[in-house]
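A.B. asks: need coordinates for the below:
(chains A and B)
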Amino acid sequence: MNKILLIIQREYFSRVKKKSFLVLTFLVPVLFISMIALIAYISASQNEFADLKKVAVIDESGRFLNKMRNSSNMSFTYVSQPFETTKKSFIKDGYDYLLYIPSSLTGVQLLGEKKPSPLTSGKIEDDLSNLLRSQRLVEAGIDTVVLAKAQKHISISPQQVKENGTVEDAHVVASLAVGFVCAFLIYLSLFLYGAQVMRGVIEEKVSRIVEVIISSVKPFQLMLGKILGIGLVGLTQFVLWIVLTLTLSTVAGSVLVKNVKAKTEQVSAAQHMVVQGAANTAPVAEDGDKMANVLKELQGIPVAKTISCFLFYFLFGYLLYSSLFAAVGSAVDNETETQQFMFPITLPLIFTFALAQSVIINNPDSTLSIWLSMIPFTSPIAMMIRIPFGGVTNLQLAASMLLMVLGFLFTTWVASRIYRVGILMYGKKASYKELAKWFMYKE
Amino acid sequence: MISIRNIVKQYAAHRALDDVSIEIEKGKVFGLLGPNGAGKTSLIRIINQITAPDSGQVLFNGEPLSQVHVDRIGYLPEERGLYKKMEIGEQILYLARLKGLSRAEALKRAKYWFEKLEIQSWWNKKIEELSKGMQQKAQFVATVIHEPELLILDEPFTGFDPVNAEVIKNEILELNRKGATVIFSTHRMESVEELCDSIALLNLSHKILDGKVKAIRNSYRNGTYVLEYEGDKIAMNGNAPFAILQETGHEGYQQVKLKINEGSKVNDVLHYMLPLASINKLEEVVPTMNEIFIQKVASANTSNQ
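C.D. replies: Residues are numbered from 1 along each chain as shown, chains lettered A, B, ... in the order given. This next block holds a predicted model:
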């Protein structure tokens, strides 16, 4: 036991002391936060990044005169020249587009030197239709106050009923994001640290130190020590990442929320000024609310449970896969030979990750999702997607964790039988048949 | 010290060791000889408990070999290796602690050995920065640092220049004098005669010869001598108490390789020769271990076919 500790120590400190470890540990949270901040900033101030498009409008119907709403990326100017002459001159006059509305309202055209983007034409279409609908309704005798009421935008707030009958916000968007990020991190780290184990085994084999070491300890101790040592490195890295990210994001978050709120208020204030008569502004004001909602939802995710499950599934997922990676490393003489064995090992990971993005995330409590979150080879990813949605019962979680531990013991047992023979075999091209033979060897 | 009893080791289609029994005496230097693929490494790995035999038993001081014995064995494998990226001092400490030394004790002894082998200035170097000879010295330190009762050295002199080979040889002999039993696997027969008290010869998974070096060589004596006398070649009549195997003439002296007849003695040869020539020397030709090795292996291989 003491010797395993020594091996763990060496594997751990030889990696943690490296400069690359420190750099990675501090760089990732900074990059992560900067990325989120950048995305939030860009989406909050989307309009500022778009060019201002100047649109000349010829309105033969007279219905829309001076009613088209200017926005931060589109300004409308009404011209009274006939269509035929303007068509030739509007580009020269500095307009990007010419909107032509015939009196019949059929055959509305948007002309431009460049093709108008679907977004631009779509927005104009929506505006015109909304204006027209409001006008027709008013013409039909509907009171403007009633009209404004009728156009209220509905937004659904998903609620989740707990077993004891209390109702909680369901945090769908945030659950989606958190689950996906966790699953992605596990997926990535299984590859990352699994490959480190494999490379470590190959290094020991190629440098031939393995024979010296296993004259002092059992091959199983060496394998387990290496796996646990590198696992601790991974754990250290993740814990540091989580702590740093939480600290940084609390700081950055408070700044960000202030900015977003200010921006939202600005936008809605501007909107209110423009709107006044026309009752088509509600959806825009909602955008700002959505943003604030997501931030609020994030705070509603069960942080402690998600983080502890994340660490559990990372650790055992890693232990399960890295023992297989260790077996692969022991069977080959250099890294290029690992390909044929890597594929079947990584297949369940890739498969689950692909499903995670569609099936599991859309339907976290379907039978398929539940099964995937039970099988030890797929559960680290599948379960992490499911947990933030809150549909995982304690029984399911316990069963999945138990299977995970059993799966780890099983793969480690299989791997160690291959490993003990493999590390002493040189120059023999290992095939699956060969591996099976090694597995069958007596002690 | 070590009793190897009826060891059988089977690898798939290949039997590496077939009913091999060897006794290794305490405090002696024991040579484990044999051509490539004879089963030496398999046997060494079994003694080191890296692999286990399919049947048979190894006793360490009379006790069946078990995990408690690994700390009392020092093993230098033929294919050497250390962690390339690790500092050499740390690496020695690590290996010493794996053999059960405390960190403080390991540090003390490592310093002692580094000074003794004059490599103290390399303490903080990484293995990949060292020459091959330096790596070998470091590896030797790792093998002996825990003062093992049993040293197993597989081709310990490869990779050393003659000067350093001599240094290492003297260190091995000194450890032996202090009580360590040494198992010495090699092809270099001259070092066998120089170092080993006893040997075992493995060939094609079988032990084909074992015993004390002196006794083995004596048992291969067959009454062959070399006689050297001054002057020109002389004719010998049929009454000579020996048969001439080979005669070579040199400037001013002659050499005769002869085999003494059944029933005759060395004195009879001298009696016969004294009146005929002025004798420089008469010396028995005892076969070298090298000759015995080649002869035994060749005859074992022909009888096998």
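A.B. asks: off-centre distance for stretch A:312-322?
C.D. replies: Offset of stretch A:312-322 from its chain centre (Cα atoms, centre = their mean, to the nearest Å): 21 Å.
A.B. asks: so how far is A:Glu211 from whichever residue of the stretch 51-200 of chain B sits closest to chain A?
C.D. replies: Closest to chain A within the stretch 51-200 of chain B is B:Gly81: 3.0 Å, counting by Cβ to the nearest Cβ. For every residue, glycine as well, the C-beta is placed using N, CA and C. Relative to A:Glu211, B:Gly81 is positioned 8 Å away (Cβ to Cβ, to the nearest Å).
A.B. asks: just want to know which of those two has more residues nearby.
C.D. replies: Using other Cβ atoms under 10 Å in any protein chain shown, the more surrounded residue of B:Gly81 and A:Glu211 is A:Glu211, with 24 against 20.
A.B. asks: now do the phi/psi pair for B:Asn222.
C.D. replies: Backbone torsions for B:Asn222, taken as degrees, to the nearest 10, come to phi -140, psi 30.
A.B. asks: need the residues of chain A near chain B, please.
C.D. replies: Counting by Cβ under 8 Å from any Cβ of the partner chain, chain A comes close to chain B at A:3, A:6-7, A:10, A:14, A:203-204, A:207-218, A:424, A:437, A:442-443.
A.B. asks: which residues sit against the helix or strand encompassing B:Ile92?
C.D. replies: Assigned by DSSP states H and E, B:Ile92 belongs to helix B:88-98. Helix B:88-98 is contacted by residues A:3, A:6-7, A:10, A:212-213, A:216-217, B:82-83, B:86, B:103, B:105-107, B:109-110, B:113-114, B:122-127, B:130, B:138, B:141-142, B:145-146 when judged by Cβ atoms under 8 Å, 6 or more residues apart in numbering or on different chains.
A.B. asks: now those: which count as buried?
C.D. replies: A:3, A:6-7, A:10, A:212-213, A:216-217, B:82-83, B:86, B:106-107, B:109-110, B:113-114, B:122, B:126-127, B:130, B:138, B:141-142, B:145-146 (16 or more other Cβ atoms under 10 Å in any protein chain shown).
A.B. asks: quick check: A:Ser34 vs chain B, distance?
C.D. replies: Distance from A:Ser34 to chain B, counting by Cβ to the nearest Cβ, to the nearest Å: 32 Å.
A.B. asks: where's that residue, which helix or strand?
C.D. replies: helix A:19-44.
A.B. asks: so how far is A:Met404 from A:Ile381?
C.D. replies: The gap separating A:Ile381 from A:Met404 is 12 Å, by Cβ to Cβ.
A.B. asks: which neighbours do the two have in common?
C.D. replies: Joint contacts of A:Ile381 and A:Met404 (Cβ under 8 Å, 6+ apart) are A:Gly317.
A.B. asks: returning to what we had before: so the residue of the stretch 51-200 of chain B closest to chain A sits in a strand?
C.D. replies: No. Counting by DSSP: H, G, I helix; E, B strand; the rest coil, one finds B:Gly81 to be coil, located in no strand.
A.B. asks: show me where chain A has strands.
C.D. replies: Ranges of strands in chain A, per DSSP state E, are A:53-59, A:74-78, A:97-101, A:109-112, A:159-161, A:167-169.
A.B. asks: scratch that, the stretch 101-250 of chain B
C.D. replies: For the stretch 101-250 of chain B, applying DSSP state E, counting those that start in this stretch gives strands covering B:150-154, B:181-185, B:198-203, B:206-212, B:224-230, B:242-250.
A.B. asks: so which residues on chain B come close to chain A?
C.D. replies: Contact residues, chain B versus chain A (Cβ under 8 Å from any Cβ): B:12, B:45, B:48-52, B:54, B:67, B:70-71, B:73, B:75, B:77, B:79-86, B:94-95, B:97-99, B:139, B:142.
A.B. asks: filter those residues down to the buried ones.
C.D. replies: Of these, these count as buried by 16+ other Cβ under 10 Å: B:45, B:48-51, B:54, B:70-71, B:73, B:75, B:77, B:80-84, B:86, B:94-95, B:97-99, B:139, B:142.
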